[in-house]
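Below are the sequence and a predicted model for it; my questions follow.
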Amino acid sequence: MDSRLVFHHQDGDLSFGIISGVYNLSPSGTLSCSVACSFSESAEFMGSPQFAMLSLAAGEGLYVGQTLEVHSQATSEDICESRPLTHLYAGEHYSPWNARLTVVAVQESSIDVHGSFVTADPNYYDERAKPTHVEFWASLKASPPTAIWRPL
């Protein structure tokens, strides 16, 4: 699988290779995952993006076709109470919304996923700013909880 994260920005797509993808499914059925991207000279202002989905209720196991969602932006209350949330770093910190993660394949120690979310415009901060749709395709390795990127 070609692991990529693509910002479908109003000025054109900004694509980043994913260099690391990990997930953890707790015994209680809570899924957390994160991806880290490589630096792109064409979007150097975004640094090396990272994205995480934390504390998602996945049930007893992961299966092909399973979709997990987080619709709202994280609040400080969500963070304090370990509610499901998403977080993005792309030159600065963002709280994405309408996040979806769909399991495409399940192997013994990894899963392949397709994900998407919406975030604030990473390039404009004035009246030109528009919400930006982001997609990613990744192979995530089963890992201990400490391997998941948790920016907070």
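Everything's here; your move. Numbering: from 1, shown residues only.

who's the residue positioned nearest the centre of the chain bridged to?
By Cα atoms, centre = their mean, the chain has its centre lying nearest to F51, at 3.7 Å. Counting by DSSP bridges, F51 is bridged to V35, L88.

And it, what's its pLDDT?
Turning to F51, the model gives it a pLDDT of 95.

show me what contacts it?
F51 sits next to L5, S34, V35, T86, H87, L88, Y89, P96, G115, F117, V134, F136 when contact means Cβ atoms under 8 Å, 6 or more residues apart in numbering. C-beta: built from backbone N, CA, C; applies to glycine.

Look up how far W137 lies from it.
From F51 across to W137, the span is 12 Å (Cβ to Cβ, to the nearest Å).

Surely K130 and Q10 touch.
Yes: at 5.2 Å, K130 and Q10 qualify as touching, with contact defined as Cβ atoms under 8 Å.

Need the overlap of contacts for these two.
By Cβ under 8 Å, 6+ apart, K130 and Q10 have these common neighbours: D121.

Other residues contacting stretch 55-74?
Contacts to stretch 55-74, defined as Cβ under 8 Å, 6+ apart, come from residues 25, 29-32, 53, 82-87, 95-106, 111.

Just give me the longest strand of the protein.
Taking DSSP state E as the criterion, the chain has its longest strand at strand 12-25.

Looking at the contacts of F51, point me to the pair that's furthest apart.
Y89 and G115 (15.6 Å; Cβ to Cβ).
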